[in-house]
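> Structure for the following, please:
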Amino acid sequence: MEPLEFNEIMYNEPIYWLEERWGRKLSEHEKVIVTLTYRWTRTTQEAEEIKILEAKL
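Coordinates of the predicted model:
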């Protein structure tokens, strides 16, 4: 696994959440978009947390 990449199991939660919220199964294209959005969001959050930790040192 590359830095700031997540195990595939991590993507199941946002996919499941959207499917429940929308009341239907997502298409494969929608799942890719959810996965990319989740990865981008988590990577951005982690980068911000790293900046905060570095500032405290």
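
> what about the most centrally placed residue in the chain, helix or strand, and which?
Centroid check for the chain by CA atoms, centre = their mean gives residue 38 as the closest residue, at 2.2 Å. Assigned by DSSP states H and E, residue 38 belongs to helix 28-56.

> so what secondary structure elements neighbour that helix?
Judged by 3 or more CB pairs under 8 Å, 6 or more residues apart in numbering; DSSP states H and E, helix 28-56 is in contact with helix 12-22. Every C-beta, even on glycine, is put in place using the N, C-alpha and C of the backbone.

> Output the helix it packs on as PDB, nothing but the C-alphas.
Taking C-alpha atoms only, helix 12-22 is exported to PDB below (Å, rounded to 0.1, in the frame of the first residue of the first chain):
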ATOM      1  CA  ASN A  12     -17.200   0.000   1.700                       C
ATOM      2  CA  GLU A  13     -18.600   2.300   4.400                       C
ATOM      3  CA  PRO A  14     -19.100   5.400   2.200                       C
ATOM      4  CA  ILE A  15     -20.500   3.200  -0.600                       C
ATOM      5  CA  TYR A  16     -22.900   1.500   1.800                       C
ATOM      6  CA  TRP A  17     -23.900   4.800   3.300                       C
ATOM      7  CA  LEU A  18     -24.800   6.300   0.000                       C
ATOM      8  CA  GLU A  19     -26.600   3.200  -1.200                       C
ATOM      9  CA  GLU A  20     -28.700   3.300   2.000                       C
ATOM     10  CA  ARG A  21     -29.300   7.000   1.700                       C
ATOM     11  CA  TRP A  22     -30.300   6.900  -1.900                       C
END
